[in-house]
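Asks: following is a predicted model, sequence given first.
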Amino acid sequence: MKLAIIGKYGQLAQAARAYSEFKKIDSISFSRDDFPMQRQLCFDVLESFKPTHILVASAYTLVDQAESEKGLCLALNTFSIGALSSWCIHNNVKLVYPSTDYVFDGSIGKYSFSDKVNPINFYGKSKMLGEIEVARVPNFIIARTSWLYGIGSNHFPAKIVQAARKFQELDVVDDQIGSPTYVFDFAQRLIDLMQGEFKGIIHISSTGTASWFDFACRLLKLKSIDVKVNRISTQSLALPAKRPKRSILLEERWSDLGFREMSYWEDSLRDLYLQYNH
Ligand SMILES: NC(=O)c1ccc[n+]([C@@H]2O[C@H](COP(=O)([O-])OP(=O)(O)OC[C@H]3O[C@@H](n4cnc5c(N)ncnc54)[C@H](OP(=O)(O)O)[C@@H]3O)[C@@H](O)[C@H]2O)c1
């Protein structure tokens, strides 16, 4: 496998790069300066590397801002993916596209890979349209995940710890349920999977479910930070983008594919925050 990772400094991009180096995979990462996604794509960098596999770790991921930046969101999550898909078809390259639980509306609660998508915010729509583009490629993987965390300062646990050091009380929503997923767990499983024969749509999230309130409380307990955490509703935040209420990604095919089940979310969180003293 010769792997081109589009994205260099995002959470998934960094985790994928670290795991490919660990596995001694011939890989290269492109930052937004090397491979800008918001305008017509310049394929020279890919043509000189000649990848067999492309992992798109770049995306527009600002869920609320997407409601007012629709053009940029579509450019990154849909139009550039369309152009990349055509390039992969032409060059016989496997295209791997991470997607999201936000392609579902959250009304059913638990979603299998074959369930009907129905996004309720613009970010989710742009990712759904990206999925449609990727599915044109004969050799594709669409890997949906949820609530990614673990690298940098922009993910939920990092923000909760920062806030808890500043304030004596925190308000956290308790009416959205999902599966928090450590980005290294996602990257490892995705890279192991893409090296095999699997093609199609798959769900890669940690096992188990939580609300953002549960996630925050578990984290603060692990870190021995003593602050009061108040339960609030999503509605009380009046955010620009709607969120699915329950968007749990089911994957029942792991053993058929020769993998063990994904780790339980609390175990990964504990490993990250205790073992590595994050
Ligand atoms: N975060 C979540 O909770 C979550 C949940 C479900 C699914 N996902 C999906 O998982 C994937 C990875 O998410 P993430 O959390 O790793 O995202 P992230 O940390 O927000 O990183 C975004 C990436 O997009 C790149 N990027 C942003 N604007 C760009 C532009 N104009 N041109 C080129 N590249 C640009 C960044 O490039 P640089 O490397 O140059 O900075 C960075 O690598 C995405 O497809 C996302 O939709 C995320």
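Replies: Everything's here; your move.

Asks: helices of the stretch 101-250 of the chain, residue ranges please.
Replies: Ranges of helices in the stretch 101-250 of the chain, per DSSP state H, counting those that start in this stretch, are 122-134, 156-166, 183-194, 212-222.

Asks: including distance to the ligand, mean pLDDT and mean neighbour count, could those go into JSON lines?
Replies: Quick note: C-beta positions are derived from backbone N, CA and C, even for glycine. Listed next are the helices of the stretch 101-250 of the chain as JSON lines, based on distance: least, C-beta to the nearest ligand atom, whole Å; pLDDT from 0 to 100; neighbours: other C-beta atoms under 10 Å:
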{"stretch": "helix 122-134", "distance to the ligand": "6", "mean pLDDT": "98", "mean neighbour count": "23"}
{"stretch": "helix 156-166", "distance to the ligand": "8", "mean pLDDT": "95", "mean neighbour count": "16"}
{"stretch": "helix 183-194", "distance to the ligand": "7", "mean pLDDT": "98", "mean neighbour count": "22"}
{"stretch": "helix 212-222", "distance to the ligand": "12", "mean pLDDT": "97", "mean neighbour count": "19"}
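
Asks: residue 21 is nearest to which of those?
Replies: Among these, helix 183-194 comes nearest to residue 21, with 10.9 Å by C-beta to C-beta.

Asks: name the nearest residue to the residue of the chain found nearest the ligand, sequence neighbours excluded.
Replies: The chain approaches the ligand most closely through residue 10 (2.2 Å), counting by C-beta to the nearest ligand atom. Spatial nearest neighbour of residue 10, excluding adjacent residues (C-beta to C-beta, 6 or more residues apart in numbering): residue 57 at 5.6 Å.

Asks: got it, and residue 233?
Replies: In space, residue 233 is closest to residue 175, 5.4 Å off (C-beta to C-beta, 6+ apart).
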